[in-house]
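> return atomic coordinates for the entry below.
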Amino acid sequence: MIILNKQKEYIEKIKKIIEKNNLNFTYYIETFGCSLNENDSEKFEGIFELSGMRKQNTPDGASLIVFNTCAIRENAEKRLLGRLGAVKKEAINGAIILIGGCMMQQEENIKLVKEKFPFVDLIFGTHTSFRLPENLYNIISGIYEEETKKEKETEANKNNKKRKTYVDILDIDGEIYEGMPVKRGEGSSAYVTIMYGCNNFCTYCIVPYVRGRERSRKPEYILNEIRDLVKEGYTKITLLGQNVNSYKGEGDILDFADLIDEICKIDGLKELSFISPHPKDFTDKIISSIAKNDKVSRNLHYPLQSGSTRILKKMNRKYTKEQYISRAKKIFEKVPNVSLSTDIIVGFPGETEEDFEETLDVVKKIDFDQIFMFIYSPRAGTIAYNMKDEYIPREVQNKRFERLKQLYNKRLDEINEKYVGRIEKVIVEGESKNNENMLEARNKNNKILIFEKYPNWKKGDEVKIKITKNHRWYLKGEKI
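Take a look at the predicted model:
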């Protein structure tokens with residue numbers, strides 16, 4: 001673990017350049033992928049805001065454009081390439097273009113960007129984001145502070161001069177850096193990353209190759225960050241990690257269960273949730289910790305991926321269908337009013353009709369409140385990518401996906417009925433997106449609640465609602 005101090009000097013240097021040149025310096029960030037990427041982007045925003053920049057919601061006319069990338073699914077890569085083409089005009093007009101994140105940890109993607117988009121100023125990876133202030137200072141100072149012996153460059157020359165693409169990538173696992181500034185979003189919810197990387201090497205997943213091996217933050221830094229957030233009004237905290245429940249601490253907080261216990265002691269914290277856990281690490285101790293702490297969300301993510309033990313072995317998931325179901329039953333038994341969400345991959349290489357029926361069987365046996373369904377997407381660099389002779393035809397994948405979707409929709413209507421009549425304490429998140437006269441919130445099972453707006457109710461208030469009706473994708477409620 002390294003405490004950042006030097007980076008603050010570079011942030012101040014950038015700020016001085018902006019002030020000296022009287023620049024209206026704006027930035028735009030576009031984030032692809034998971035909540036960890038969102039949390040990384042919050043840190044980038046913290047750097048930019050302290051440097052004297054202002055955020056804008058579109059890339060048009062921005063001084064700095066940042067793409068924070070994802071390598072999990074092919075669609076994210078295609079979107080990035082399309083977005084880079086769209087901002088070429090901004091680059092010609094002088095915008096600084098940066099690309100970071102998981103995609104940039106792969107050599108073939110770096111080569112592609114450098115060849116097709118030479119206007120990109122900086123490519124940085126997941127292990128070098130802590131050097132963003134230093135790299136950005138080098139770029140900005142090169143544009144606005146370089147002087148020839150004869151005269152200062154004109155603004156037009158600055159904007160049109162050829163700039164090289166800097167690459168800052170580390171292939172080794174990164175250190176954990178504490179002290180990066182963070183700009184949080186509005187509302188009462190905030191993300192806190194507790195660990196980085198993954199040791200599981202699921203055969204379909206690129207994460208260990210682009211995020212590195214597991215590294216856990218020290219408990220004291222996590223607890224202090226959450227205490228500060230609660231003081232600022234962020235009362236709903238989500239813990240993040242590629243395999244969050246394999247967290248390793250120190251001293252009196254040795255594991256994830258101990259960490260949950262300590263976080264729940266923080267005054268003012270109203271709700272604690274976490275993503276994304278692994279079924280093999282859902283220990284009895286963690287289940288007991290969740291059960292005894294009312295602040296922990298009653299919606300737990302419990303990713304299945306496949307119901308076939310044969311396919312699970314090919315995926316290197318390290319549990320069987322029977323073990324998965326047994327642990328789910330224990331969670332339902334030990335944790336009052338719990339609900340489960342899950343991930344399912346349809347059409348993994350070698351999946352037979354019998355294998356897919358095993359997946360449907362698990363969905364019939366376990367009441368999943370939410371299922372995130374994905375059609376298998378080959379990712380270069382993973383073990384499954386080389387199972388090409390076992391790829392499932394797209395039309396077969398699509399048909400299986402539709403069958404799973406239909407089963408889930410039918411089950412969801414049945415599952416949601418259990419919420420009707422319940423009285424829930426919820427935190428108002430704001431107006432409903434579809435009706436300005438209604439408010440929206442989520443209960444501890446992560447169900448969307450829609451209810452009438454009352455004059456004295458506002459975002460962040462904790463209110464009591466009785467659920468009156470099931471609308472499949474949301475629940476209708478009324479004031480008690």
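> now the helices for the stretch 151-300 of the chain?
155-160, 207-211, 219-231, 256-263, 284-292 (DSSP state H, counting those that start in this stretch).
> quick one: the ones you listed as TSV, columns for mean neighbour count, mean pLDDT and distance to residue 272 too.
From N, CA and C alone the C-beta is placed, and that goes for glycine too. Shown next, in TSV, are those (neighbours: other Cβ atoms under 10 Å; pLDDT from 0 to 100; distance: least, Cβ to Cβ, whole Å):
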stretch	mean neighbour count	mean pLDDT	distance to residue 272
helix 155-160	12	48	48
helix 207-211	21	89	23
helix 219-231	17	96	9
helix 256-263	22	98	6
helix 284-292	17	98	9
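> low-confidence ranges in this structure?
1-5, 73-74, 146-163, 172-174 (pLDDT under 70).
> longest helix in it, by number of residues?
As assigned by DSSP state H, the longest helix anywhere in the chain is helix 394-416.
> reformat the helices of the stretch 151-300 of the chain as JSON lines; add distance to residue 169.
What follows is the helices of the stretch 151-300 of the chain, written out as JSON lines (distance: least, Cβ to Cβ, whole Å):
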{"stretch": "helix 155-160", "distance to residue 169": "28"}
{"stretch": "helix 207-211", "distance to residue 169": "10"}
{"stretch": "helix 219-231", "distance to residue 169": "26"}
{"stretch": "helix 256-263", "distance to residue 169": "30"}
{"stretch": "helix 284-292", "distance to residue 169": "35"}
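> quick check: which element contains residue 27?
strand 26-31 (DSSP states H and E).
> which residues does whichever helix or strand comes after that strand contact?
Counting by DSSP H and E, the next helix or strand C-terminal to strand 26-31 is helix 35-50. Contacts to helix 35-50, defined as Cβ atoms under 8 Å, 6 or more residues apart in numbering, come from residues 7, 11, 15, 27, 29, 31, 55, 64, 66, 68-70, 100-102, 126, 129, 132-133, 136, 180-185, 191-193, 211, 238, 240-242, 275.
> could you do stretch 400-416 as well?
With Cβ under 8 Å, 6+ apart as the test, stretch 400-416 has contacts from 339, 344, 346-347, 351, 356, 359-360, 363-364, 367-369, 371, 373, 375, 447, 470, 472, 475.
> restricted to strands, list those residues.
Judged by DSSP state E, those include 339, 344, 346, 368-369, 371, 373, 375, 470, 475 as members of strands.
> ok, the nearest residue to residue 275 once chain neighbours are set aside to residue 372 distance?
The shortest distance from residue 275 to any non-neighbouring residue, by Cβ to Cβ, 6 or more residues apart in numbering, is to residue 301 (5.4 Å). According to Cβ to Cβ, to the nearest Å, residue 301 and residue 372 sit 9 Å apart.
> between these two, which has more neighbouring residues?
Using other Cβ atoms under 10 Å as the criterion, residue 301 and residue 372 rank with residue 301 on top: 19 against 12.
> which residues do residue 301 and residue 372 both contact?
341-343.
> can you pick the most crowded of those?
Counting by other Cβ under 10 Å, top hit in the shared contacts of residue 301 and residue 372: residue 342 with 22 neighbours.
> host element of that one?
Per DSSP H and E, residue 342 falls inside strand 339-346.
> all the helices of the stretch 301-450 of the chain, in order from the start?
Going by DSSP H, counting those that start in this stretch, the stretch 301-450 of the chain shows helices at 309-315, 321-334, 353-365, 394-416.
> please identify the deepest-packed of the ones you listed.
Using mean count of other Cβ atoms under 10 Å, the stretch among those with the greatest mean number of neighbours is helix 309-315 (a mean of 19).
> just how off-centre is that one within its chain?
26 Å (Cα atoms, centre = their mean, to the nearest Å).
> which strands or helices does it pack on?
Applying 3 or more Cβ pairs under 8 Å, 6 or more residues apart in numbering; DSSP states H and E, we find helix 309-315 packed against helix 321-334, helix 353-365.
> need the ones you listed in TSV (columns: distance to residue 293).
Output for the helices and strands packed on helix 309-315, formatted as TSV (distance: least, Cβ to Cβ, whole Å):
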stretch	distance to residue 293
helix 321-334	12
helix 353-365	28
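> sorry, back to before: how far does the strand holding residue 342 sit from its chain's centre?
Taking mean C-alpha positions (Cα atoms, centre = their mean), strand 339-346 and its chain are 17 Å apart.
> which elements pack onto it?
Using 3+ Cβ pairs under 8 Å, 6+ apart, strand 339-346 sits against strand 299-301, helix 321-334, helix 353-365, strand 368-375, helix 394-416.
> ok, and what's touching it?
By Cβ under 8 Å, 6+ apart, the residues outside strand 339-346 that reach it are 204, 298-306, 315, 328, 331-332, 356, 359, 363, 366-376, 397, 400-401, 404, 415, 445-447.
> try it again with 6 Å
299-305, 368-376, 397, 400-401, 445 (Cβ atoms under 6 Å, 6 or more residues apart in numbering).
> now the angle from it to helix 394-416?
170 degrees (axes from the mean of the first three to the mean of the last three Cα atoms, to 10 degrees).
> stretch 95-105 spans what distance, first to last residue?
24 Å (Cα to Cα, to the nearest Å).
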